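Undergrad: Test case, fold it:
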Amino acid sequence: EGVRRCISSTQAHRLFVFKARIQELSEQVQGVKAAIEGIYDDDSGMRLMHLTRGLTEEEDPEASVHLMEKVLDAHALELEVLFSHLSSLSTQVNDTQVLVQLQLSSSQNK
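TA: Purely as a prediction, here's the structure:
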């Protein structure tokens, strides 16, 4: 009875919405990461990035490509960290849901 008073249906719904949003963000992060990896595999994508950068005559195209690879690496690393945090958060939300369900089941059985 006490657990039921502490956990409202609104709070349970918020937890469900939060879990769904974490899943949605995780999928978006994975999509962006896959797109970055796709650019590495696509020479025309790298050339397009090279062209849109607007190199001057004296700049070395190879150095420019190397710089773009570094930028992509930095973004991929940030996405990996973000995905790791989202995964950890998702695990915590799942654990919370299990705990709440156990507490509710326990209070119903009394």
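
Undergrad: What ranges in the protein fall below the confidence cut-off?
TA: 1-6, 8, 43, 45-59, 61, 110 (pLDDT under 70).

Undergrad: quick one, helices of the protein?
TA: 2-6, 9-41, 43-53, 61-109 (DSSP state H).

Undergrad: now these as a markdown table including mean neighbour count?
TA: Every residue, glycine included, has its C-beta placed from N, CA and C. Output for those, formatted as a markdown table (neighbours: other C-beta atoms under 10 Å):
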| stretch | mean neighbour count |
| --- | --- |
| helix 2-6 | 11 |
| helix 9-41 | 13 |
| helix 43-53 | 13 |
| helix 61-109 | 13 |
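
Undergrad: mind checking how far the residue lying closest to Leu79 once chain neighbours are set aside is from Ala20?
TA: The shortest distance from Leu79 to any non-neighbouring residue, by C-beta to C-beta, 6 or more residues apart in numbering, is to Lys33 (4.6 Å). Going from Lys33 to Ala20 by C-beta to C-beta, to the nearest Å gives 21 Å.

Undergrad: likewise Ser44?
TA: Separation of Ser44 from Ala20 (C-beta to C-beta) stands at 37 Å.

Undergrad: what do you get for Leu89?
TA: Noted for Leu89: a distance of 13 Å to Ala20, by C-beta to C-beta.

Undergrad: And for His66?
TA: In this view, His66 and Ala20 are 41 Å apart by C-beta to C-beta.

Undergrad: for Thr91, same thing?
TA: Look at Thr91 and Ala20: by C-beta to C-beta, they are 15 Å apart.

Undergrad: And Ile39, by the same measure?
TA: Distance from Ile39 to Ala20, by C-beta to C-beta: 30 Å.

Undergrad: What of Gln101?
TA: The gap separating Gln101 from Ala20 is 17 Å, by C-beta to C-beta.
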